[in-house]
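>>> build me a model:
(2 chains)
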Amino acid sequence: MRPGQTPSLAKRLLALTLTFGKFGGITFGGGYAIVALLEDELVRKKGWLTQDELFNIITIGESTPGPIAVNTATFVGYRLAGVLGGVVATAALVFPAWLVIVIVSGFYLQFRENTWVAAALAGIRVAAIVLIARAFIRMGQGVPRNAANAIAGALAFVSVALLGLNALWFVVGGLLFGVLWYGVRPRLAARGGAGP
Amino acid sequence: MIYWTLFWVFAKVGLFTIGGGYAMIPLIQQELIDRHAWITAEQFTDFVGIAESTPGPFAINIATFSGIHVAEQHGLSPLLGSVCSTGGVVLPSVVIILLVAGAFRYAMRHWAIRAALEGAKPVVVGLIGAAAWTLLGHTLLPGGGAGFRWLSAALAVGLFALTQWVRLGAVALILLGGALGLGLRCFGVSL
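The predicted structure is shown next:
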């Protein structure tokens, strides 16, 4: 679905429905599980997004209100099929999650105490960790290697993982760091070099 | 009008929490337990437990569950109640992201926006790492005197090694994890 081989709108909407419906039905383990799915399915397998676009989507998803999974679904849907695509992808993501709760709500205590459900979930949780760790490595390879990036990444990791600080502040900090380090600094250097 | 109140409460939750499902917990508690007294703190703990053990985004699960419960409590249609609460939590995101996505192409023409997003990249990687780390901690050291879960740790290492040798898609990996959990349970082993 890259430009140049754009299928019809109906086909794109169907593909969005199936893909995000699947994501809605199998994501466990928080918003970053869907990031790992997007990386694997949409960047690696289908080529609907570039890794750079995925970075931008996560950044926007983290720094705007609402669940990250919903934000990314709307954004990807919009990129592929406009406003209708955004709505369809989001609805497809939400539907399985809604349906499962509607079904389970009547007997949720039994569901919670069922040892088979717990066993499957324990395995799925381990798989989700592996999946997110893999996305961490792959996405890490997409960031230019330099000291400033290493410090920014390590600072975010330590503050959120070990100190439990709010991730939002680090996304905002990263955006400011980017403006200064990758925007203002080279411009100042260029001006200094070209000066009298 | 309970349907409208449900929609409004969850639209507020969707609008005023940044950074994902878990960031919503305090606001949902405040609205549902303290302000409207629709549920007790104990029920809310159950909701969180169920939301964690069902597929889909946490925020959607918790909104749906609350909608069903509150509507039932008032003798109304639980389905309609859940549509209102879930629609409410999703709607602000969809509107905001559609606006941002529409403006994005034009915003990217400005050097400052491109530079800002470039600077957010290492932070995003750090946050993904933090998500993996936190989930790993909760899984291997669940607390409550359970001790270190060696078997889960071994399975994580094994699955990770497998993904390095075999091309394994995300969906296949999730299904494999679930199947292994069930398989071990057949032999009376719990992860």
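>>> residues of the lowest-mean-pLDDT helix or strand in chain B that come out buried?
Across the helices and strands of chain B, the lowest-confidence element by mean pLDDT, DSSP states H and E is helix B:41-52, at a mean of 84. Within helix B:41-52, the residues that count as buried by 16 or more other Cβ atoms under 10 Å in any protein chain shown are B:44, B:46, B:47, B:48, B:50, B:51, B:52. Every residue, glycine included, has its C-beta placed from N, CA and C.
>>> ok, now which ones touch the first one?
Read it as residue B:44. Contact analysis of residue B:44 by Cβ atoms under 8 Å, 6 or more residues apart in numbering or on different chains lists B:28, B:29, B:32, B:33.
>>> check for me that the third one belongs to a strand.
In other words, residue B:32. No. Looking at residue B:32 with DSSP: H, G, I helix; E, B strand; the rest coil, it is helix, so not inside a strand.
>>> what about it, neighbour count?
By other Cβ atoms under 10 Å in any protein chain shown, the residues close to residue B:32 number 26.
>>> then the first one?
By the criterion of other Cβ under 10 Å, residue B:28 has 24 neighbours.
>>> skip the chain neighbours and tell me the closest residue to it.
Leaving out its chain neighbours, the residue that sits closest to residue B:28 by Cβ to Cβ, 6 or more residues apart in numbering or on different chains is residue B:13, at 5.7 Å.
>>> and the residue of chain A closest to chain B?
residue A:178 (1.9 Å; Cβ to the nearest Cβ).
>>> element containing the closest residue to that residue other than its chain neighbours?
Once flanking residues are discounted, residue A:178 sits nearest to residue B:119: 1.9 Å by Cβ to Cβ, 6+ apart. With secondary structure defined by DSSP states H and E, residue B:119 is part of helix B:111-140.
>>> which helices and strands does that helix pack with?
helix A:31-37, helix A:51-63, helix A:115-141, helix A:147-157, helix A:167-178, helix B:150-165 (3 or more Cβ pairs under 8 Å, 6 or more residues apart in numbering or on different chains; DSSP states H and E).
>>> residue contacts, the residue nearest to residue B:28?
So residue B:13 contacts B:24, B:27, B:28, B:31, B:59, B:63, B:88, B:89 (Cβ under 8 Å, 6+ apart).
>>> was I right to think residue A:52 contacts residue A:142?
Yes. When contacts are counted by Cβ atoms under 8 Å, residue A:52 is listed as touching residue A:142 (7.3 Å).
>>> of the two, give the one with the bigger neighbour count.
residue A:142 (16 against 13).
>>> for that one, give me its contacts.
A:51, A:52, A:55, B:121.
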